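# 3D model of this:
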Amino acid sequence: MPDVSADQPTAASAVRASSLGAYTTLRLGGPASTLTVATEPDEAVSTVRGAARKGQPILVLAGGSNVVIGDDGFPGTVLLLRTRGVRVVERGAGGALVRVAAGEPWDDFVAHTLERGLSGLEALSGIPGSAGATPIQNVGAYGQEVAHTIEAVHVYDRDDDRMRVLSLPECGFAYRSSIFKHNDRWLVLEVDFRLAESAGSAPIRYAELGRHLGVEAGERVSAGQVRETVLKLRASKGMVLDPEDLDTRSVGSFFTNPVLSAQEWARVQDRLVDAGEPPSWPAPNGTVKVPAAWLIEKAGFGKGYGGTGGVAISSKHTLALTHRGGGTTAALLGLAREIRDGVRGRFGVVLHPEPVLINCSL
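Down below sits the predicted model:
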């Protein structure tokens, strides 16, 4: 994701945008009517208020890593959030409360916390995007999710035209979801994380990570070792941004892992026959979570599938749909529909997209 530079709009300025693809990791999306950059929270709030007064739609973009924008672009104001800043606001009882600006690049923030002897985010290393986007999606990977460490989210409430601080319960966190997702009411300005003052990691929760670290679930290693291992794992799957690697031109995982009731899981098992037993793990209230990547591959969509229209499944990871160059959002969504319909036909399971879809639909 490019930072603001000489050839981009400056803070508090507004220009016509030629393509929003320049501001997303997919490198897809049509133009915005107006593009505005905010480097301070009050600039962001003023831009949102101004759009509301004019009755204009507004789209907030920071890292652009979890959004799919239609080929027609966005018929309103796009706010590029470029706020920066990390500070410790409280210490005590072996932990620290760290406040991060919404526009701060996420992986830079993770690295910053580890450099200062704070653990709790190490398994979330290498995830593209901004810190402010993480509560929206309840970003998670390798057994950690931000809901484990978020204490509060500072927001501008568009409905009541005031600043608010939402506590952890008020955020409504669920699997890859929160009250912020698909809800224009909230503009995330800062996020508070409660982290441990320790060189040791949080307990390892994810089997794949444990295998690569050589430890069992529940054990701890150094937080730095977890970060290094996670970065290598993500890079092997094309999940660490690299301008030379087209497999990283994606939104990461395009589909969420389906969570099935006991009855739905039984029906899926009845359809397996030649597919073999899928990996699965228990979820709350007697449900079962099944890897979407396994379902996709067993439905006939392997790594590298596609290739027409400039889009294809990543050659490294079945869950990532990639833009190989010269493609369109319409082509990407066409591939996503083909995969979704194929999985539904094979297993009776409906996959749901993980990214936010703007001016387009699946």
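
# residue ranges of the helices in the protein, please?
Secondary structure of the chain by DSSP state H: the helices cover 41-54, 106-115, 134-137, 207-213, 223-236, 262-272, 292-298, 329-347.

# so where's the stretch 251-362 of the chain uncertain?
273 (pLDDT under 70).

# correction: the stretch 1-150 of the chain
Along the stretch 1-150 of the chain, the model assigns pLDDT under 70 to residues 1-18.

# if we can go back for a sec, export the helices of the chain to TSV and tack on distance to L362 and mean neighbour count?
(C-beta placed from N, C-alpha, C; glycine too.) Formatted as TSV, those follow (distance: least, Cβ to Cβ, whole Å; neighbours: other Cβ atoms under 10 Å):
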stretch	distance to L362	mean neighbour count
helix 41-54	27	17
helix 106-115	25	19
helix 134-137	17	26
helix 207-213	28	16
helix 223-236	25	19
helix 262-272	21	14
helix 292-298	14	21
helix 329-347	6	19
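
# and those helices as TSV, adding distance to F74?
Shown next, in TSV, are the helices of the chain (distance: least, Cβ to Cβ, whole Å):
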stretch	distance to F74
helix 41-54	12
helix 106-115	23
helix 134-137	17
helix 207-213	37
helix 223-236	29
helix 262-272	36
helix 292-298	28
helix 329-347	12
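
# which of those helices sits closest to R162?
Of all the helices of the chain, it is helix 41-54 that lies closest to R162, at 10.0 Å by Cβ to Cβ.

# how far off centre is the closest one?
In terms of Cα atoms, centre = their mean, to the nearest Å, the centre of helix 41-54 is found 25 Å from the chain centre.

# tell me the helices and strands packed up against it.
Applying 3 or more Cβ pairs under 8 Å, 6 or more residues apart in numbering; DSSP states H and E, one finds that helix 41-54 contacts strand 32-38, strand 58-61, strand 74-81, strand 150-157, strand 186-197.

# list the contacts of the second one.
Okay, so that is strand 58-61. Under the criterion Cβ atoms under 8 Å, 6 or more residues apart in numbering, residues 20, 23-24, 32, 44, 47-48, 51-52, 67, 74, 76-81, 184, 187, 358 lie in contact with strand 58-61.

# give the buried subset of the residues you listed as a PyMOL selection command.
Remark: buried members of the contacts of strand 58-61, expressed as a PyMOL selection using 16 or more other Cβ atoms under 10 Å:
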select buried, resi 20+23+24+32+44+47+48+51+67+74+76+77+78+79+80+81+187+358
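
# now A331. Nearest residue, chain neighbours left out?
Distances taken as Cβ to Cβ, 6 or more residues apart in numbering place G309 nearest to A331, at 3.2 Å, with adjacent residues excluded.

# just Y206 next, same as before
Using Cβ to Cβ, 6+ apart, the closest residue to Y206 is G143 (3.5 Å).

# and K181, by the same measure?
Of all residues not flanking K181 in the chain, I136 sits nearest, at 5.4 Å (Cβ to Cβ, 6+ apart).

# show me what contacts the one you found?
Listed by Cβ under 8 Å, 6+ apart, the contact set of I136 reads N66, S178, F180, K181, V188.

# ok, these vs V37, which is closest?
For the contacts of I136, the nearest to V37 is V188 (16.8 Å; Cβ to Cβ).

# partners of that closest one in the sheet?
Under DSSP bridges, the beta-bridge partners of V188 are V155.

# surely the residue nearest to A331 touches G327?
Yes - the pair G309 and G327 passes the contact test of Cβ atoms under 8 Å, sitting 5.5 Å apart.

# what about those two, which has more around it?
The residue with more neighbours, out of G309 and G327, is G327; 22 against 16, by other Cβ atoms under 10 Å.

# need the contact list for the more buried one.
Going by Cβ under 8 Å, 6+ apart, the list of residues near G327 reads L28, G309, G310, V311.

# in PyMOL, select just the buried ones from those.
In PyMOL, a selection of the buried entries from the contacts of G327 looks like this (16+ other Cβ under 10 Å):
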select buried, resi 28+309+310+311
